[in-house]
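I would like the atomic coordinates for the input below:
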Amino acid sequence: MVSGVPHLTTVLNGPLLQLEKHILSNQTAVEAWFREQWLLTPAPFYTSVDLRNAGFKLAPVDTNLFPAGFNNLNADFMPLCIHAAQAAVERACPQARKVLIVAENHTRNLFYLESLESLRQILEQAGLEARIGSLREDINEPMDIELPSGKVCRIEPLTREGDRVSIADFSPCLVLLNNDLSGGRPEILEGLEQQIIPPLSAGWSDRKKSDHFSHYNDVAQELAKQIDIDPWLISPLSLQCGEVNFMDKNGSGCLAKNVDSMLASIQAKYDEYGIDKEPFVVVKSDSGTYGMGIMMVKSAEEVTSLNRKQRTKMASAKEGLVVDNVLVQEGVYTFETIGEEAAVAEPVVYMMDHFVVGGFYRVHTGRGVNENLNAPGMHFEPLAFAQPCNTPDKQDMPDSEPNRFYAYGVIARLALLAAARELV
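Here you go, the predicted model:
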């Protein structure tokens, strides 16, 4: 085992290597295609993508345009983050010298604050003066919060004068959102003369996951055509269900029909490829994050027979918002495990601009291979990638970690491209 990389059960699974080998053998075509795409559609400033590797299939299950978790990236590859951040800032706002990071509201989450401080330090090392601002109305003076790592994260109140936001006398050229705007678009950020990235339209108050996966399906088909594979191998089947009220069960019949249809579609693909697994479907809020408003089901009856506790859980999302639109998506198994406990794990890949800068594993000892890992009890393995995802080692193909992670980087960049098209 290469030092710094957890041993994965998938290393021993033959079927998984077929797709990875195919991607590796077409590396030149893949990279040429991506280069053309970035010229047409510039990448978002930063993005993280949750992947699931089922062995026979490798696909994204979530794309985050306001990523946290920078503290979990491998410190050995911090230069990648710094160089990518420089490229991203130069493209977004070449004259930028100062950056104001707009934080999420949950200032009590020390793990999130560790990420914020890590992000701030990346920007500083990229040659920018960076400070962190809060939208919370109850923060009216700077707060210094001591973190478990020994670092101190300073959060300061945002103020607005005319068409500019600032922190005290710190008036930045560039405003970097690290708040997904689940609670809506803040008036203080509307109509700024400063460059704001990602744009306000990238927040969950404007975006839908169904739109993202529609774009993802398109780019997956385009790449699949380039390298001659079935796009299903790299793309989850998805259906938007429309309006559903989990509390009064309005729309549950339509949801059940969509679940039934999706299960049948998955089974047809499993039959085509001789996959002896039970299909499952993910029903999740069409907007929002943090693993809220999500459930895994194996039959339509599970949707119609939810008890009150389950319906209440599905009806609530971040910022106390009500879930009224859902996405019905093919469930993708994850057959990767870490440690002696064989804890179920899924890779999370991080990008700045169109560069892969690393990642880590989300691990949950209490969840199965067909369950949501973004839930209380999860932890992260900060060992991350032993080598960058864009430098495969074909001499040792296909079992070396750089090769496995190259395939992860390709699929993550596909999701990044889908997000880029979404924001145009």
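
For the protein, name the helix or strand with the lowest mean pLDDT.
helix 14-25 (a mean of 74; mean pLDDT, DSSP states H and E).

Quick one: the helices in the stretch 151-300 of the chain, in order.
209-227, 252-273, 300-304 (DSSP state H, counting those that start in this stretch).

same deal with the stretch 1-150 of the chain?
Using DSSP H, counting those that start in this stretch, helices in the stretch 1-150 of the chain cover 14-25, 27-40, 78-92, 110-125.

count of neighbours near the closest residue to residue 420 other than its chain neighbours?
Distances taken as C-beta to C-beta, 6 or more residues apart in numbering place residue 41 nearest to residue 420, at 4.5 Å, with adjacent residues excluded. C-beta here means a position set from N, CA and C on the backbone, and glycine is covered the same way. If you count neighbours by other C-beta atoms under 10 Å, residue 41 ends up with 17.

next one: residue 35
When neighbours are defined as other C-beta under 10 Å, residue 35 has 10 of them.

do residue 271 as well
Neighbours of residue 271 (other C-beta under 10 Å): 9.

And it, how far from residue 380?
36 Å (C-beta to C-beta, to the nearest Å).

returning to what we had before: so of the helices of the stretch 151-300 of the chain, which one's packed in deepest?
Each of the helices of the stretch 151-300 of the chain was given a mean neighbour count from mean count of other C-beta atoms under 10 Å, and the largest, a mean of 19, is that of helix 209-227.

how about the CA coordinates for it, as PDB?
Only the C-alpha atoms of helix 209-227 are listed here, as PDB (Å, rounded to 0.1, in the frame of the first residue of the first chain):
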ATOM      1  CA  LYS A 209     -30.300  19.600  -8.500                       C
ATOM      2  CA  SER A 210     -32.500  18.200 -11.400                       C
ATOM      3  CA  ASP A 211     -31.100  21.000 -13.600                       C
ATOM      4  CA  HIS A 212     -27.600  20.100 -12.700                       C
ATOM      5  CA  PHE A 213     -28.000  16.400 -13.400                       C
ATOM      6  CA  SER A 214     -29.700  17.200 -16.700                       C
ATOM      7  CA  HIS A 215     -26.600  19.100 -17.700                       C
ATOM      8  CA  TYR A 216     -24.500  16.300 -16.200                       C
ATOM      9  CA  ASN A 217     -26.300  13.700 -18.300                       C
ATOM     10  CA  ASP A 218     -25.500  15.800 -21.400                       C
ATOM     11  CA  VAL A 219     -21.800  16.100 -20.700                       C
ATOM     12  CA  ALA A 220     -21.600  12.400 -19.800                       C
ATOM     13  CA  GLN A 221     -23.100  11.500 -23.100                       C
ATOM     14  CA  GLU A 222     -20.600  13.700 -24.900                       C
ATOM     15  CA  LEU A 223     -17.600  12.200 -23.200                       C
ATOM     16  CA  ALA A 224     -19.000   8.700 -23.500                       C
ATOM     17  CA  LYS A 225     -19.200   9.200 -27.300                       C
ATOM     18  CA  GLN A 226     -15.600  10.500 -27.400                       C
ATOM     19  CA  ILE A 227     -14.200   7.300 -25.600                       C
END
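
heads up, I number from 198, so please use that
In the new count, where the first residue is 198, that last one comes out as helix 406-424.

Quickly list what the closest residue to residue 242 other than its chain neighbours is bridged to.
Sequence neighbours aside, residue 394 is the residue nearest to residue 242 in space, at 4.6 Å (criterion: C-beta to C-beta, 6+ apart). Assessed by DSSP bridges, residue 394 has beta-bridge partners residue 373.

right, and residue 394 touches residue 293 too?
No - at 10.1 Å, residue 394 and residue 293 do not qualify as touching, with contact defined as C-beta atoms under 8 Å.

so what's in contact with the two at the same time?
Residues touching both residue 394 and residue 293 (C-beta atoms under 8 Å, 6 or more residues apart in numbering): residue 371.

tell me which element residue 557 is part of?
strand 552-561 (DSSP states H and E).

Quick check: neighbours of that strand in the sheet, parallel or antiparallel?
Paired neighbours of strand 552-561 in the sheet (DSSP bridges): strand 540-549 (antiparallel), strand 576-578 (antiparallel).

where in the stretch 198-347 of the chain is pLDDT low?
198-214 (pLDDT under 70).

Run a quick neighbour tally on residue 557.
22.

Could you do residue 271 as well?
Residue 271, neighbours per other C-beta under 10 Å, totals 21.

shouldn't residue 417 be in contact with residue 611?
Yes - with contact defined as C-beta under 8 Å, residue 417 counts as touching residue 611 (6.0 Å).

Can you check which residues contact both of these two?
With C-beta under 8 Å, 6+ apart, residue 417 and residue 611 have common neighbours residue 431.

which one of the strands paired with strand 552-561 is the most hemmed in?
strand 540-549 (a mean of 26).

Determine the angle, from 0 to 180 degrees, between that one and helix 307-322.
If you take axes from the mean of the first three to the mean of the last three C-alpha atoms, to 10 degrees, strand 540-549 sits at 30 degrees to helix 307-322.
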